[in-house]
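A.B. asks: here is my input, please return the structure:
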Amino acid sequence: QRRAARSSFREYVQATTPGYVGGEANDLLCDKLQAVAEGRIKRMIVSMPRRHGKSLHTSVKFPAWVLGRNPGLELVVAGHSHKLSVRHSKEALSCYLGHNPRIFGGAAFDGAKPSIKGNTSADQSRQEGHAMKAASLWETGFGGSYYAVGVNGSLTGTGCDLGIIDDPYPSRAKANNPNYRQSIEDWYKSVFYGTLSPDAAVLIISTRWHPEDLIGYLEEQESTARGTDDEGSVDKWEVLNLPALHDGNFSPSYDWEQGEALCPGRYDKPRLKAWASNISAYEWECQMQGEPTVRGGNVLKMEGVQIHSEISDFPKVSSGARYVRAWDLASTVKERAKDDPDYTVGALGTITFEKDPVTGAKIPHLWILDCRFMREEATARNQAILAAANSDGANVRVLVEGFAGYKDGYTIVRDALSGIRSVSMS
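C.D. replies: Next up, the predicted model:
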């Protein structure tokens, strides 16, 4: 068992975690982490739901196992707060001291004990006693270390051979705050990335809260660079999403069936369904399935949606089609004051009907020819609406939301287009 735990991260987790509840999905996670440790993956993103063992695997067991195999590595492990990161550091140190001498043995532990930076006591037993109180930075005694930091914290003077970012967002409010998201992005680029050694590996694991979180930013950065001159200079990420309920996007070599729970020994399917019934569809898709969407709860179902690449495919005005540009306003001072303000959206479309051959009922088809969206204050927003009306042409009616705080927008657009275009209030 010791030999197996030395060579296999799966076996190490089981050997060092009493009562460990695994499963096929956790085996997949362990195998990916092992690939990171062995240098086969240099950039790894994992999204997982809450309360499913993210930190146990990545911030506690994985660092202890990596430093047991190679006690000369420098690790940086960041969480959404310094306090949480230190807690994980303490647990990793406890695992390192409590299990690694038995599992690894040999020169890595012959007479060596982790030292705690800043603790100058010559008495080793006192040092070990202080270890669980001062675990922001502990060292292996062979040049390696575990440095615990909160995101947005300082890493000055710190090197990193393996960087782990574990859940950088503490709450929905923080993830929805564009300024906070930007601060995490800036910290990643200007602080965290600067600590990496030339051959360093990076692992980011998180519950998804927002499409534009750190994972979303990194995926978008890679996607934007693809096929351009910048492609070779942008990190290429291996991405693994582990949803609470399996969505069918995994290798058949793992015996995890579609629709089954990620960790049935902890949260079985009935428990997850009960969880889903007590939160919104928005939160379920974000936090539990790793598919963040815009705020609103109603996710557009793509079944039955057909994408047309040619304008000629759309119904023609000459054939009787009547197009409307409908605007949903979201740009009053009150709305803009929110952490994550909504978009003003204007969709240009028409509706046609098809007769059901069986029932004879009329089946509506909604055609969306163009969609414009923005986050602007009232003046710029209204100018954009007017510009769209001029671009659309005289045959297109304009429909503007006009209730409560949005009546000003309707009135301004109506007056500006008076005698030029038909403007209606929704």
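
A.B. asks: buried residues in stretch 217-228?
C.D. replies: Of all the residues in stretch 217-228, those buried under the rule 16 or more other Cβ atoms under 10 Å are 217-218, 221-222, 225. Every C-beta, even on glycine, is put in place using the N, C-alpha and C of the backbone.

A.B. asks: likewise stretch 263-272?
C.D. replies: So, applying 16+ other Cβ under 10 Å, buried residues of stretch 263-272: 263-264, 267, 272.

A.B. asks: ok, residue 189 to residue 209 distance?
C.D. replies: Distance, residue 189 to residue 209, using Cβ to Cβ, to the nearest Å: 20 Å.

A.B. asks: which one's more surrounded, those two?
C.D. replies: Neighbours per residue, other Cβ atoms under 10 Å: of residue 189 and residue 209, the larger number sits with residue 209, 24 against 12.

A.B. asks: and which of the buried residues of stretch 263-272 is nearest residue 48?
C.D. replies: Proximity of the buried residues of stretch 263-272 to residue 48, judged by Cβ to Cβ, is greatest for residue 263, which lies at 9.5 Å.

A.B. asks: which residues does that closest one contact?
C.D. replies: When contacts are counted by Cβ atoms under 8 Å, 6 or more residues apart in numbering, residue 263 touches 21, 23, 25-26, 52-53.

A.B. asks: for PyMOL, write a command that selects the buried ones of those residues.
C.D. replies: In PyMOL, this line selects whichever of these come out buried by 16+ other Cβ under 10 Å:
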select buried, resi 23+25+26+52+53
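
A.B. asks: which of the contacts of residue 263 fall in helices?
C.D. replies: Counting by DSSP state H, the contacts of residue 263 place 25-26 in helices.

A.B. asks: where's the most centrally placed residue in the chain relative to residue 186, distance?
C.D. replies: Nearest to the geometric centre of the chain sits residue 208, at 3.7 Å (Cα atoms, centre = their mean). Note on residue 208: its distance to residue 186, by Cβ to Cβ, is 20 Å.

A.B. asks: sec struct for the residue lying closest to residue 365 once chain neighbours are set aside, please.
C.D. replies: The spatial neighbour of residue 365 that comes closest, neighbours along the chain excluded (Cβ to Cβ, 6 or more residues apart in numbering), is residue 352 at 5.0 Å. Using DSSP: H, G, I helix; E, B strand; the rest coil, the structure places residue 352 in strand.

A.B. asks: from now on call the first residue 47
C.D. replies: Done: numbering now begins at 47, and the last item shifts to residue 398.

A.B. asks: so who does residue 398 touch?
C.D. replies: Counting by Cβ under 8 Å, 6+ apart, residue 398 touches 361, 367, 410-411, 413.

A.B. asks: what does residue 254 give?
C.D. replies: Going by Cβ under 8 Å, 6+ apart, residue 254 touches 93, 261-262, 332-333, 336-338.

A.B. asks: helix, strand or coil for it?
C.D. replies: coil.

A.B. asks: I'd like to know how far it sits from residue 105.
C.D. replies: 18 Å.

A.B. asks: what is whichever strand or helix holds residue 265 packed up against?
C.D. replies: If you go by DSSP states H and E, residue 265 is part of helix 260-271. Secondary-structure packing of helix 260-271 (3 or more Cβ pairs under 8 Å, 6 or more residues apart in numbering; DSSP states H and E): strand 89-93, helix 224-233, strand 242-252.

A.B. asks: now do the longest one against helix 260-271, angle only.
C.D. replies: For the pair strand 242-252 and helix 260-271, the angle between their directions (axes from the mean of the first three to the mean of the last three Cα atoms, to 10 degrees) equals 120 degrees.

A.B. asks: the second one too?
C.D. replies: Note on geometry: by the same axes, to 10 degrees, helix 224-233 and helix 260-271 are set 70 degrees apart in direction.

A.B. asks: who are the packing partners of helix 224-233?
C.D. replies: Helices and strands touching helix 224-233, as assessed by 3+ Cβ pairs under 8 Å, 6+ apart, comprise helix 260-271.

A.B. asks: what mean pLDDT does the helix it packs on get?
C.D. replies: For helix 260-271, mean pLDDT is 89.

A.B. asks: repeat that for stretch 461-472.
C.D. replies: What stretch 461-472 shows for mean pLDDT is 71.

A.B. asks: give the buried residues for it.
C.D. replies: Neighbour-count burial for stretch 461-472, with 16+ other Cβ under 10 Å as criterion, is recorded at 463, 467, 469.

A.B. asks: and stretch 75-94, by the same measure?
C.D. replies: Judged by neighbour count (16+ other Cβ under 10 Å), stretch 75-94 contains these buried residues: 75-76, 78-83, 87-94.
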